[in-house]
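1. below is the sequence, then the predicted model.
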Amino acid sequence: MRTSVLTVDPAFTIGPVRPRTFGSFVEHLGRCVYTGIHDPAHPTADADGFRGDVVELARELGVTTVRYPGGNFVSGYRWEDGVGPREQRPARLDLAWHSTEPNWVGVDEYVRWCRVVGVEPMMAVNLGTRGVQEALDLLEYCNVAGGTRLSELRRANGADEPHRIRLWCLGNEMDGPWQTGHKTAHEYGRLAAETARAMRMIDPGVELVACGSSGRGMATFGTWEHTVLTEAYDQVDLISAHAYYHEEDGDLGSFLASAVDMDRFIDDVVATADAVRAAGNHTKRINISFDEWNVWYIDRAESQPPSGDDWPVAPVLLEDRYTVADAVVVGGLLISLLRHTDRVHAASLAQLVNVIAPIMTEPGGRSWKQTTFHPFALTARHAAGQVLRAAVDGPTLATARYGEVAALDAVVTYDAATGEVVLFAVNRSTSEPLALDLDLRGFGDLVVAEALTLSNPDHTWAATADDSTSVLPRANDTAAVRDGRAHAELPPVSWSMVRLARA
Ligand code: AHR
């Protein structure tokens, strides 16, 4: 068996593990909101109609922020439609997903749901069909304590205290021609700058995310970020990045190495932001909000919106069923995000429920965890303290899409308060196990507190409502510490977590 040697030292850190790395996303899309988080007929529903079983699963998943209400949906959204008495709310066409939006859930319900789950809201404003004034109106409605028309409207709608939302997205994927109200980089950069400047006049404490590219493969990637930040550098805090991956043409090897693409994406956006910083003689740094990432089989039939005269409410859309291999990739993408914790300051797994999601529901019925739930939940729960720099020396693999890549992808966190060292690792090989040899110099005596591996002889296994537990992360009995080095065998197509505690 080939061996990868990983060396870490508590003195060499990249940056802190950021709670906001473990955000997610709820869009008015398919069954994410309706029959996902919201299902008044469900036996566990609360007074707002929110499913208690989904609240519990979201908590167990460990999500920290939830981006809302889109996504492509936000670019045609009128937030006023979703507040006030439900029976007076209008139904509208949702052009993004060719659906009917009944507005049964809006801003106030979303914020209440966030408080119940215990997550931070992350609100997007519509810069597609709308502009500065509507963004200001929504901010006034949400964050002004009272005494103005819109803040008093919120209070009359039952929210006496302001929502105090700090994290705001200035539109969504405005570089994409599919976006309602799509803009050029220059048009969007100006609009983002002016919207941000005005929003800070109401609430200087907001943190603002400008739209970066909707994918690294966009023809405008790089120049888009450069132009937008040249216009809006001083006004915004973060720039977004979005990336979705899937196995193409049976090329499992490249798919398992998807984090290589995410690494390059992040490095390229950081380089571009820092180039604008230098050219403009700015002092602050712009960091990344990776606020859409996941595995998504975008070409499958279930990702195609309805058409013609069919404008359904909450149709089945983007309901991908995730395999073990998909979960290994999700675990690897989280490793990439953690490895860039110095510049990735927020991230959102897209999405939370039913729509390319770790949590699935039946309308009025059962809920269950997809395979992707497990690496996310374990990483969110156990990554703590500082992310360490890791030197990796080991075998490589040839991939069609990314060339030679390391067989082992790994990141290590160290919590000085508890003394716990946690390794998250992916064996990218499609066929060979890999021996891990982790040099723990400088940590003192450690023992294995827990070692879990997610893998399966059939990596295409996917959870269903009837069976979501036959394949789970299982104890990896090969994990052991000997002479200041941790060892473990990692099966092919696997994701693992090894927790090491003071002896
Ligand atoms: O998450 C699904 C969609 O992917 C979002 O609505 C959009 O922003 C992206 O293209």
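-> Cool, got the structure. What you see is a predicted model; the values in this text were computed from it and never measured.
2. what's the first helix or strand after the strand or helix carrying A58?
-> Applying DSSP states H and E as the criterion places A58 in helix 52-61. Toward the C-terminal end, the helix or strand that comes next after helix 52-61 (DSSP H and E) is strand 65-68.
3. wait, a helix at H242?
-> No: note on H242: no helix contains this position according to DSSP: H, G, I helix; E, B strand; the rest coil, which reports strand.
4. roughly how far is the helix holding A58 from the heart of the chain?
-> How far helix 52-61 lies from its chain's middle: 17 Å, per CA atoms, centre = their mean, to the nearest Å.
5. any idea of the mean pLDDT in that helix?
-> Helix 52-61 shows a mean pLDDT of 98 in the predicted model.
6. hmm, who's touching it?
-> Surrounding helix 52-61, the residues in contact under the criterion CB atoms under 8 Å, 6 or more residues apart in numbering are 24, 36-37, 42, 44-46, 113, 116-119, 352-353, 358-359, 361, 367, 369, 373, 376-377, 380. For the C-beta atoms, the positions are set from N, CA and C on the backbone; glycine is no exception.
7. leaving aside the residues adjacent along the chain, what's closest to the residue of the chain found nearest the ligand?
-> Checking the chain residue by residue against the ligand with CB to the nearest ligand atom singles out G71 as nearest, at 3.0 Å. By the measure of CB to CB, 6 or more residues apart in numbering, the closest residue to G71 outside its immediate chain neighbours is E27, 3.5 Å from it.
8. the one you found reaches Y68, doesn't it?
-> Yes: using CB atoms under 8 Å, E27 is in contact with Y68, at 7.3 Å.
9. three-state assignment of the spatially closest residue to G181 that is not a sequence neighbour?
-> Distances taken as CB to CB, 6+ apart put G128 closest to G181, at 3.0 Å, once the chain neighbours are dropped. G128 falls in the coil class when you classify it by three-state DSSP.
10. do you know how far G128 is from L388?
-> Using CB to CB, to the nearest Å, one gets 41 Å for the distance from G128 to L388.
11. show me what from this protein comes close to the ligand.
-> Of all the residues in the chain, those in contact range of the ligand (CB under 6 Å from any ligand atom) are E27, L29, G70, G71, N72, N172, E173, S214, E292, A350, Q351.
12. turn those into JSON lines, including neighbour count and distance to K284.
-> As requested, those are exported to JSON lines (neighbours: other CB atoms under 10 Å; distance: CB to CB, whole Å):
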{"residue": "E27", "neighbour count": "27", "distance to K284": "30"}
{"residue": "L29", "neighbour count": "29", "distance to K284": "34"}
{"residue": "G70", "neighbour count": "27", "distance to K284": "28"}
{"residue": "G71", "neighbour count": "26", "distance to K284": "28"}
{"residue": "N72", "neighbour count": "23", "distance to K284": "30"}
{"residue": "N172", "neighbour count": "31", "distance to K284": "24"}
{"residue": "E173", "neighbour count": "24", "distance to K284": "25"}
{"residue": "S214", "neighbour count": "25", "distance to K284": "25"}
{"residue": "E292", "neighbour count": "25", "distance to K284": "24"}
{"residue": "A350", "neighbour count": "27", "distance to K284": "27"}
{"residue": "Q351", "neighbour count": "27", "distance to K284": "31"}
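13. so what does L191 have for phi and psi?
-> Geometry field for L191 lists phi and psi as phi -60, psi -40, criterion degrees, to the nearest 10.
14. that one - how many residues pack around it?
-> 22 (other CB atoms under 10 Å).
15. so it sits against E134, correct?
-> No: using CB under 8 Å, L191 and E134 do not qualify as a contacting pair, with a distance of 11.7 Å.
16. ok, M201 - contacts?
-> If you count contacts by CB under 8 Å, 6+ apart, M201 has none.
17. same question for it, what's its three-state structure.
-> Three states are possible here, and by three-state DSSP the one that applies to M201 is helix.
18. roughly how far does the residue of the chain most remote from its centre sit from L440?
-> Using CA atoms, centre = their mean, the residue of the chain lying farthest from its centre is D483. It sits 38.2 Å away. Between D483 and L440 the computed distance is 10 Å (CB to CB).
19. do E194 as well
-> Summarising the geometry, the distance separating E194 from L440, computed by CB to CB, is 52 Å.
20. who has more neighbours, these two?
-> Residue environment comparison for E194 versus L440 gives the larger neighbour count to L440, 23 against 16, counting by other CB under 10 Å.
21. for the more buried one, report the pLDDT, please.
-> Each residue has a pLDDT score; the one for L440 is 90.
22. repeat that for the one 3 residues further on.
-> With respect to pLDDT, F443 has a value of 93.
23. try S303
-> pLDDT recorded at S303 is 82.
24. right, and it touches L317 too?
-> Yes: taking contact to mean CB under 8 Å, the distance of 6.9 Å between S303 and L317 places them in contact.
25. of these two, which one has the most company?
-> When S303 and L317 are compared for neighbours, L317 comes out ahead with 21 against 16, by other CB under 10 Å.
26. which residues touch the more buried one?
-> By CB under 8 Å, 6+ apart, the neighbours of L317 are L29, G30, R31, W97, S99, E302, S303, P305, V355.
27. which of the residues you listed are buried? Put it as a ChimeraX command.
-> Taking 16 or more other CB atoms under 10 Å as the burial criterion, the selection of buried members of the contacts of L317 in ChimeraX is written as:
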select :29,30,31,97,99,303,305,355
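28. so can I have CSV of the contacts of L317 showing distance to Y322 and secondary structure?
-> What follows is these, written out as CSV (distance: CB to CB, whole Å; DSSP: H, G, I helix; E, B strand; the rest coil):
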residue, distance to Y322, secondary structure
L29, 17, coil
G30, 16, coil
R31, 16, coil
W97, 21, coil
S99, 23, strand
E302, 13, helix
S303, 14, helix
P305, 21, coil
V355, 12, coil
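29. so which elements touch the helix ranked longest in the chain?
-> Secondary structure of the chain per DSSP state H: the longest helix is helix 258-279. Here helix 258-279 is seen to pack against helix 223-232, strand 238-245, strand 287-295, helix 324-339 when contacts are counted using 3 or more CB pairs under 8 Å, 6 or more residues apart in numbering; DSSP states H and E.
30. just the C-alpha atoms of it, please, in PDB.
-> Taking only C-alpha atoms (Å, rounded to 0.1, in the frame of the first residue of the first chain), the coordinates of helix 258-279 have been written out as PDB:
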ATOM      1  CA  SER A 258     -13.000  18.400  -7.700                       C
ATOM      2  CA  ALA A 259     -11.400  20.300  -4.700                       C
ATOM      3  CA  VAL A 260      -8.400  21.000  -7.000                       C
ATOM      4  CA  ASP A 261     -10.700  23.200  -9.100                       C
ATOM      5  CA  MET A 262     -12.100  24.800  -6.000                       C
ATOM      6  CA  ASP A 263      -8.500  25.500  -4.700                       C
ATOM      7  CA  ARG A 264      -7.700  27.200  -8.000                       C
ATOM      8  CA  PHE A 265     -10.900  29.100  -8.100                       C
ATOM      9  CA  ILE A 266     -10.200  30.500  -4.600                       C
ATOM     10  CA  ASP A 267      -6.600  31.300  -5.400                       C
ATOM     11  CA  ASP A 268      -7.600  33.100  -8.600                       C
ATOM     12  CA  VAL A 269     -10.200  35.300  -6.900                       C
ATOM     13  CA  VAL A 270      -7.800  36.100  -4.100                       C
ATOM     14  CA  ALA A 271      -5.200  37.100  -6.700                       C
ATOM     15  CA  THR A 272      -7.700  39.300  -8.600                       C
ATOM     16  CA  ALA A 273      -9.000  41.000  -5.400                       C
ATOM     17  CA  ASP A 274      -5.400  41.600  -4.200                       C
ATOM     18  CA  ALA A 275      -4.500  43.100  -7.700                       C
ATOM     19  CA  VAL A 276      -7.300  45.600  -7.400                       C
ATOM     20  CA  ARG A 277      -6.200  46.300  -3.800                       C
ATOM     21  CA  ALA A 278      -2.700  47.100  -5.000                       C
ATOM     22  CA  ALA A 279      -3.800  49.100  -8.000                       C
END
